[in-house]
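J.: can't give you the sequence, but here's the structure:
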């Protein structure tokens, strides 16, 4: 397996891994493939994919690219029209990972698009996480004679929606904690050695993680020590995505941070946010209010521990370098036992060069 | 991949993983397959495998089962004789993972067996690690008209010999450190939770590790807390192998350990050794002198750190459970950075149920 597919696997793309057990599942997997293309690009909207099928032949497909642009259904419909003309849509089935929207927002309701184009069957995976809209499409479409099948590969469809669903349901973003540790859980090397614990391949994956989120959080100490850029450097993301917010949490305030550092001087300086002494949950809530569906923690052990202990983290992406360093700086800081252990599910371990990436989602 | 083959893979059996590039390599891989069967059973002798081939057909194979029993070459020769008669050996080639012995010990020299049976070609992998014997077989056999090819898959053959070679070359055993940690490097759970971090599958692998070694080392604290048995419970090892020494390192002496504990009362009580305040290297030297080729550390963080920092560990087998616990008990204790990081090579990561096993060998 090459690094590319390892990344896809580790970033929890389900479509590449399961065998469909019937035709609906087969086409929903295709819709999921489309949906994952939008991951990290669509906030505050969800990543959604759609595919239009007639007689077991794919007529067109699409995904939601970015807030303000057409929804996945509209993209797929446009794809069919450009390839086969409007007529092709009559009597077709559309597979969508998320229940089609039935209200007009920045773009017209997708249910209207489906009806106007005389699509005869709608198959969707996840129900709209917004309780006000959940299930609204079903009756609206059924009344007009469109057959609706809901809940196909629901669980997989909910995975790609998680960041959006988390924000909608809790007012907090989906929080991914990334840290690179030695095998003994440390994050620094002895003074005579270089800064990096992990391999260039692992650091490339970190850049791909950044491309999935709307904000990156670090502590003031990390900024003072590393003068980080926190920019998107992965080929896959440059130019496709707005620079995520660069969020610095500090006790000492903005003045304590060198003003000539990258975060304050580079072309993205208006994407740097400083929070002084704000409770972590409030920081996250504020970021959600700014439209962030997901956030990446790239902070040191002390701050990481606070986020973990407060159960504010949803997903862990932990890189282990094949070294043992001793030392005082732990990936999850020092302190007493948590009240209870955090347990991960959907655990995956992947060799990335000489490093090991262990990832998983917190069991609530 | 099932757990069985995962274990084989993680315990560094090379034969299952490489493609031979010629006939000699192909048969040496077969000999290696035989050699690995003896791993952990042969101390103070090395694990060695052999296969007898004529016209690209395998006539017989064997491995060294236990000190005092025939060497691998003799086992393979006997296998051929029982299946095809003595005549079959004339003009055959024998593949052996280690240079055949040319001196008479508890059993007669293997070179004699080769000559007596008119085997016409010897192919071996690793040179005898004992400098007094290294290469001695070559001239002895060549003089008698036997063709000798040395060094085929040398590196792989040396891997299975490592414990023996370490003891012969340094007077110390091959030391394997095993520990089970949370993802944040801790070895205990919060008080309200159970004792185990890792899954039953991982604990089964620990039993298979025990079956590879001649001694298991723990600290007095571990004994007092857990009253461990440190016995062989894997189906594969019970009855095939003597109980490894159970070694307790303590500052407080034997009297500090409850005398009704398993280590002092069970059927293997004569296989329990206590060392009080002895320097770690001296403990290891003493075990090597007792014939131990390899030793497994199953100790807590404080002692593990001392072994690691003193560079006495050769191989790490680290289990990571998918939990984050906080807490004060680290797999590699507390303290300052090591003078320099320990770096592992031959790193493998394997999913064992929900756990991840990361293993590797220390780069010297």
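T.: Thanks, I have the structure now. It should be emphasised that the depicted structure is a prediction, and the values quoted were computed from it without experimental measurement. Numbering: from 1, shown residues only, chains lettered A, B, ... in the order given.

J.: residue A:72 contacts residue A:63, correct?
T.: Yes - contact criterion C-beta atoms under 8 Å: residue A:72 and residue A:63 qualify, at 5.1 Å. The C-beta positions use only the backbone N, C-alpha and C, and glycine is treated the same way.

J.: compare these two (neighbour count), which wins?
T.: Taking other C-beta atoms under 10 Å in any protein chain shown, residue A:72 and residue A:63 do not tie; residue A:72 has more neighbours (32 against 25).

J.: residues contacting that one?
T.: Contact analysis of residue A:72 by C-beta atoms under 8 Å, 6 or more residues apart in numbering or on different chains lists A:31, A:34-35, A:38, A:48-50, A:62-64, A:96-98.

J.: for chain B, see how far away it is.
T.: 33 Å (C-beta to the nearest C-beta, to the nearest Å).

J.: kindly report the same for residue A:258.
T.: With C-beta to the nearest C-beta as the criterion, residue A:258 and chain B are 26 Å apart.

J.: right, and residue A:277 touches residue A:251 too?
T.: Yes - the pair residue A:277 and residue A:251 passes the contact test of C-beta under 8 Å, sitting 5.7 Å apart.

J.: for residue A:148, which three-state class applies?
T.: Assigned by DSSP: H, G, I helix; E, B strand; the rest coil, the conformation of residue A:148 is strand.

J.: burial count for residue A:155?
T.: Neighbourhood size, residue A:155 [other C-beta under 10 Å]: 10.

J.: wait, a strand at it?
T.: No - with three-state DSSP as the criterion, residue A:155 is helix rather than part of a strand.

J.: can I assume residue A:118 is in contact with residue A:90?
T.: Yes - using C-beta under 8 Å, residue A:118 is in contact with residue A:90, at 4.4 Å.

J.: those two: who's more crowded?
T.: Taking other C-beta under 10 Å, residue A:118 and residue A:90 do not tie; residue A:118 has more neighbours (15 against 11).

J.: how about that one, secondary structure?
T.: Assigned by three-state DSSP, the conformation of residue A:118 is coil.

J.: show me what contacts it?
T.: A:89-91.

J.: and which of the contacts of residue A:72 is nearest chain B?
T.: Relative to chain B, the closest of those is residue A:35; by C-beta to the nearest C-beta it sits at 26.2 Å.

J.: separation between the residue of chain A at minimum distance from chain B and residue A:335?
T.: Closest residue of chain A to chain B, C-beta to the nearest C-beta: residue A:185 (2.4 Å). Distance, residue A:185 to residue A:335, by C-beta to C-beta, to the nearest Å: 13 Å.

J.: between the two, who's got more neighbours?
T.: A count of neighbours by other C-beta under 10 Å puts residue A:185 above the other of residue A:185 and residue A:335, at 27 against 15.

J.: for the closest residue to residue A:98 other than its chain neighbours, what are its contacts?
T.: Among residues not flanking residue A:98 along the chain, residue A:48 sits closest, at 4.7 Å (C-beta to C-beta, 6 or more residues apart in numbering or on different chains). Contacts for residue A:48 (C-beta under 8 Å, 6+ apart) come out as A:35, A:38, A:42, A:63-64, A:71-72, A:96-98, A:160-161.

J.: out of these, which sit inside helices?
T.: A:35, A:72, A:160-161 (DSSP state H).

J.: buried ones only from these, please, as a ChimeraX command.
T.: Per 16 or more other C-beta atoms under 10 Å in any protein chain shown, the buried members of the ones in helices among the contacts of residue A:48 correspond to this ChimeraX selection:
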select /A:35,72,160,161
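
J.: which one among the ones in helices among the contacts of residue A:48 gets closest to residue B:234?
T.: Nearest to residue B:234 among the ones in helices among the contacts of residue A:48: residue A:160, at 42.1 Å, using C-beta to C-beta.

J.: hang on, that closest one packs against residue A:47?
T.: Yes - contact criterion C-beta under 8 Å: residue A:160 and residue A:47 qualify, at 5.4 Å.

J.: which residues are in contact with both of the two?
T.: In contact with both residue A:160 and residue A:47: A:35-36, A:39, using C-beta under 8 Å, 6+ apart.

J.: contacting residues around the closest residue to residue A:245 other than its chain neighbours?
T.: In space, and not counting its chain neighbours, residue A:245 is closest to residue A:215: 3.8 Å by C-beta to C-beta, 6+ apart. Residues counted as contacts of residue A:215 (C-beta under 8 Å, 6+ apart) are A:173, A:244-247, A:273, A:287, A:290, A:292, A:294-296.

J.: phi first, then psi, for residue A:215.
T.: phi -160, psi 150 (degrees, to the nearest 10).

J.: the one 3 residues further on now?
T.: Phi and psi for residue A:218, reported as degrees, to the nearest 10, are phi -130, psi 170.

J.: what is the burial count for the nearest residue to residue A:294 once chain neighbours are set aside?
T.: Spatial nearest neighbour of residue A:294, excluding adjacent residues (C-beta to C-beta, 6+ apart): residue A:163 at 3.9 Å. As a burial measure, residue A:163 scores 28 neighbours (other C-beta under 10 Å).

J.: could you measure from residue A:163 over to residue B:327?
T.: Using C-beta to C-beta, one gets 30 Å for the distance from residue A:163 to residue B:327.

J.: report the mean per-residue pLDDT for the helix or strand hosting residue A:179.
T.: Assigning secondary structure by DSSP states H and E places residue A:179 in strand A:174-182. The average of the pLDDT scores along strand A:174-182 is 98.

J.: also stretch A:82-101?
T.: Summarised as a single mean, pLDDT over stretch A:82-101 is 96.

J.: buried set for that stretch?
T.: So for stretch A:82-101, counting by 16+ other C-beta under 10 Å, buried means A:84, A:88-89, A:92-101.

J.: can you map out the strands along chain A?
T.: Along chain A, the stretches classed as strands by DSSP state E are A:49-54, A:57-63, A:93-98, A:121-126, A:147-150, A:174-182, A:215-219, A:245-250, A:272-276, A:294-297, A:315-321, A:323-326, A:337-352, A:355-362.

J.: need the winner for burial among the ones you listed.
T.: Sort the strands of chain A by mean neighbour count, taking mean count of other C-beta atoms under 10 Å in any protein chain shown, and strand A:93-98 sits at the top with a mean of 30.

J.: remind me what that one packs against, helices and strands.
T.: If contacts are counted by 3 or more C-beta pairs under 8 Å, 6 or more residues apart in numbering or on different chains; DSSP states H and E, strand A:93-98 sits against helix A:23-37, strand A:49-54, helix A:72-84, strand A:121-126, helix A:154-170.
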